[in-house]
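Colleague: Take a look and give me a structure for this.
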Amino acid sequence: MKSILCAVLVLLASLSFGQPVILSQRDQARIIDELLEDRLRNTLPALMRREGFDMWVIISREYNEDPVIRTFLPATWHAARRTTMLIAFDQGVNQEMEYLAVSRYDVGKMFKRAWDPDANPDQWAQLGKLIADRNPKKIGINKAPSWGHADGLTANDYDNLMRVLPKNLQPKVASAEKLAVSWLETRTEKEMILYQQICRIAHDIIQEGFSDKVIQPGVTTTEDVVWWYRERIKELKLDTWFHTSVSIQRNEPEAIMSKRPQPLVILPGDLLHVDFGITYLRLNTDTQQHAYILRAGETEVPRYLRDAFAKGNRLQDILTNHIKEGRTGNEILKVTREQAIAEGITPSIYTHPIGFHGHAAGTTIGMWDMQGGVPYTGDYPMHFKTAYSIEFNCTVNIPEWKKDIRIQLEEDGYFDELGFRYIDGRQREIITIPKRDAVNR
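Modeller: Below you'll find the predicted structure:
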């Protein structure tokens, strides 16, 4: 815990000066490994017992990685090697978990080497022997109908596994889909200490890009801003899990805007939108915010746009107020839409979990083309200690523009026994370009 706290202090100190400083690659690796050890010691045992598994077998081949296995690998491993086989075995409530690697070497600190290829060249036979020696009651494998995250076991590897298992153990093999989802969706206390800083870094980069440091109205295009964000991510030694997008809504008929040369040049009076995310310490962010280009003589965003934005904040509140433990995503979607429509808001909701993946495993609350409910993933109930990107848009008519606009917002939040909270707050006002303090100087 000491090194994690030191890392947080470094981040806090740097952020207080408005300069997000990223930890060195070496420090990042150390923290990633500490977080993994904490999860294996303190999180996985309870999840396996909750889902009824005393053994979880994860198998993946190089260049065809199981989405789950990367969350078990040490920081210096960027992928599986040859055929990587990991076993997590629950030896009982009063005993420590056993972590084995059917490998010629340890896999990180926790998964200990359990195969000597010189003594037994057949890796698959050794896997079968290790499982048989432990005689588990229920063996989980990553074969899943609903979440791609939990469906990483290939058909060939499944066939090989069944081939080496004794016949009496074969009926004990079952889909570990819910276990895998639980492992991926659960956030630990140590992760959440760091996640706030990760989200803050993302917010700071968005603010930097939505400024006159980057945008010169009449010259800068949306693609210029997109690629500035991409370059900035690399400059800070961060990664991203999707390509940034920047778009414009303006007081102009769509028929005219659609005929303008692409990419669009940013002009005074434009309402900008960005969809942006980073990956840092194996955790992801996903954020959508708005900015407005002040016209000559303007010192603030026009009232009609501020009122429209307030409807977006209100929709956030309606949605997050309906998040309850045990409630499914489809139930949350239904009551949120009903309340929003009753309040005169036109919603489209597509909220998803966030964590080890951007569009992560867990409870789905709507998709843009499934506003009546999402099969399977929308039927999954909310659990404590999980994180979500609260993502949606609401359509608002702007008489001054004689058209509808969409307020598109997305902020990352966390749900636990205390309720829902935004990890690093949320956008409450449209960003102005230039900043209002600069305008008023």
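Colleague: Look at N397 and say how many residues are nearby.
Modeller: 12 (other Cβ atoms under 10 Å). Backbone N, C-alpha and C define where each C-beta goes, glycine included.
Colleague: Buried residues, the host helix or strand of it. List them.
Modeller: Using DSSP states H and E, N397 sits in strand 386-398. Using 16 or more other Cβ atoms under 10 Å as the test for burial, strand 386-398 gives 386-394, 396, 398.
Colleague: what is the rounded mean pLDDT of it?
Modeller: When pLDDT is averaged along strand 386-398, the result is 98.
Colleague: ok now that strand, how far from the chain's centre?
Modeller: Strand 386-398 sits 16 Å away from the centroid of its parent chain (Cα atoms, centre = their mean, to the nearest Å).
Colleague: try stretch 191-198
Modeller: The answer for stretch 191-198 is 13 Å, by Cα atoms, centre = their mean.
Colleague: So for that stretch, mean pLDDT?
Modeller: The average pLDDT for stretch 191-198 rounds to 96.
Colleague: List just the nearest of the buried residues of strand 386-398 to N251.
Modeller: Comparing the buried residues of strand 386-398 against N251 with Cβ to Cβ places I398 closest, at 8.1 Å.
Colleague: Surely that closest one touches Y304?
Modeller: Yes: the pair I398 / Y304 is scored as a contact, 5.6 Å apart, by Cβ atoms under 8 Å.
Colleague: re earlier: out of the buried residues of strand 386-398, the closest to G355 would be?
Modeller: Closest approach between those and G355, by Cβ to Cβ: A387, at 5.5 Å.
Colleague: For V274, grab the count of nearby residues.
Modeller: Applying other Cβ under 10 Å, we find 24 residues neighbouring V274.
Colleague: what are the phi and psi values for the residue lying closest to it once chain neighbours are set aside?
Modeller: Leaving aside its sequence neighbours, V274 sits nearest to V246 (Cβ to Cβ, 6 or more residues apart in numbering; 5.2 Å). Backbone torsions for V246, taken as degrees, to the nearest 10, come to phi -130, psi 130.
Colleague: Now for V246, how many residues are close by?
Modeller: V246 has 26 nearby residues by other Cβ under 10 Å.
Colleague: Check what pLDDT it gets.
Modeller: On the pLDDT scale, V246 is placed at 98.
Colleague: Which residues are in contact with T432?
Modeller: Taking Cβ atoms under 8 Å, 6 or more residues apart in numbering as the criterion, T432 is in contact with 291-292, 294, 300-301, 439.
Colleague: typo on my end, it should be G140
Modeller: G140 is in contact with 48, 51, 53, 55-57, 174-176, 179-180, counting by Cβ under 8 Å, 6+ apart.
Colleague: Excluding sequence neighbours, find me the nearest residue to it.
Modeller: A176 (2.9 Å).
Colleague: Could you report the pLDDT at the one you found?
Modeller: 98.
Colleague: how far away is it from S146?
Modeller: Separation of A176 from S146 (Cβ to Cβ, to the nearest Å): 13 Å.
Colleague: Tell me which of the two has more neighbours.
Modeller: Comparing A176 with S146 by neighbour count (other Cβ under 10 Å), the higher total belongs to A176, at 27 against 18.
Colleague: in this protein, which spans are helices?
Modeller: Along the chain, counting by DSSP state H, helices occupy 2-16, 25-42, 44-51, 123-134, 155-164, 177-185, 189-209, 222-235, 254-257, 303-321, 329-342, 436-439.
Colleague: low-confidence ranges in this structure?
Modeller: 1-20, 438-441 (pLDDT under 70).
Colleague: Out of the helices of the chain, flag the one nearest L272.
Modeller: L272 lies closest, by Cβ to Cβ, to one member of those: helix 222-235, at 7.9 Å.
Colleague: Pull out the buried residues from that closest one.
Modeller: Neighbour-count burial for helix 222-235 flags 222, 224-226, 228-229, 232-233 (criterion: 16+ other Cβ under 10 Å).
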